[in-house]
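>>> I'll drop the sequence and a predicted model, then ask my questions.
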Amino acid sequence: MLSPFNCFKGKTKCDELYKFIYTNTAEKNIIYQIHLMGKDAIPCLIDFIDLDKKSVVGFQDPKFSTIYPFIINNYIGIKAGYLIEFILAKDSVENVSIDVWKNETNPYLLFDYCVIVKTDNNKPILEPLDYKDTKVLKDIYLKWWKTNKDKPIELLRKEWKENKHILDNSTYKWI
C-alpha cells in the first residue's frame, strides 16, 4: 500500500484523505477538497480500496437506516471507490458554498445508498462484500485507471455522464 503521505505527490490533503477513509475523522469538507484535486487523487484512492478494515460505510443519509448490514459491516475501501466515482461524476463543486459542504451531504450523493454490492443477472445481491471482493474491486479500478489515466478529466467526466462507469461489465454495482 502506498504511504498516505506520498499519494498526492506531496500535497497536504492526502493525510486528510487517509483519515477520512481509514478513521472517519477528517474534516467534513474533505470531499470538496478531494474533488478539487481531480485526477491526481485517483491513484491514491485506488490504493485505499482494499484496506482490511470494516466500519461505517456510506455517507450521512436517512436511508441508511434501511440497509443496516451495509453501513456497519462493510469494508471502508468502498469510500475510496465512491470518491473516484464522485470525481468523475461532478464537473464542478465550486458552485456549492463551503458552508453547504460542511453541514450537508446532499451535494455529493451520487447513488441512493452509496455502497457496492455483487449482482446476479444485473440484480443487486443485498449483502455486504467480503475482503476478497475488495481485492477484485481494486483490480477493476486499477485496470480502468491504467487504460484511462492519460485522458483529460473532462473526457472522463463526459464518459461517466454517458453511463460508461468503471464497474460496468463486472459482477458489482453501486446502489
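Structure's in. What do you need? Residues are numbered from 1 along each chain as shown.
>>> quick one: least confident helix or strand in the protein?
The weakest-scoring helix or strand in the chain, judged by mean pLDDT, DSSP states H and E, is helix 68-72 (a mean of 54).
>>> Mind listing residues that contact the following helix or strand past that one?
Per DSSP states H and E, the first helix or strand lying C-terminal to helix 68-72 is strand 74-75. With contact meaning C-beta atoms under 8 Å, 6 or more residues apart in numbering, strand 74-75 is reached by 50-55, 57, 115, 128-129, 131, 133-134. (Each C-beta comes from the backbone N, C-alpha and C, glycine too.)
>>> Need these in CSV (columns: neighbour count, pLDDT and secondary structure).
Converted to CSV, these look like this (neighbours: other C-beta atoms under 10 Å; pLDDT from 0 to 100; DSSP: H, G, I helix; E, B strand; the rest coil):
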residue, neighbour count, pLDDT, secondary structure
50, 20, 92, coil
51, 21, 86, coil
52, 11, 88, coil
53, 11, 83, coil
54, 14, 78, strand
55, 17, 69, strand
57, 24, 60, coil
115, 26, 80, coil
128, 20, 78, coil
129, 23, 84, coil
131, 13, 92, helix
133, 20, 94, helix
134, 23, 94, helix
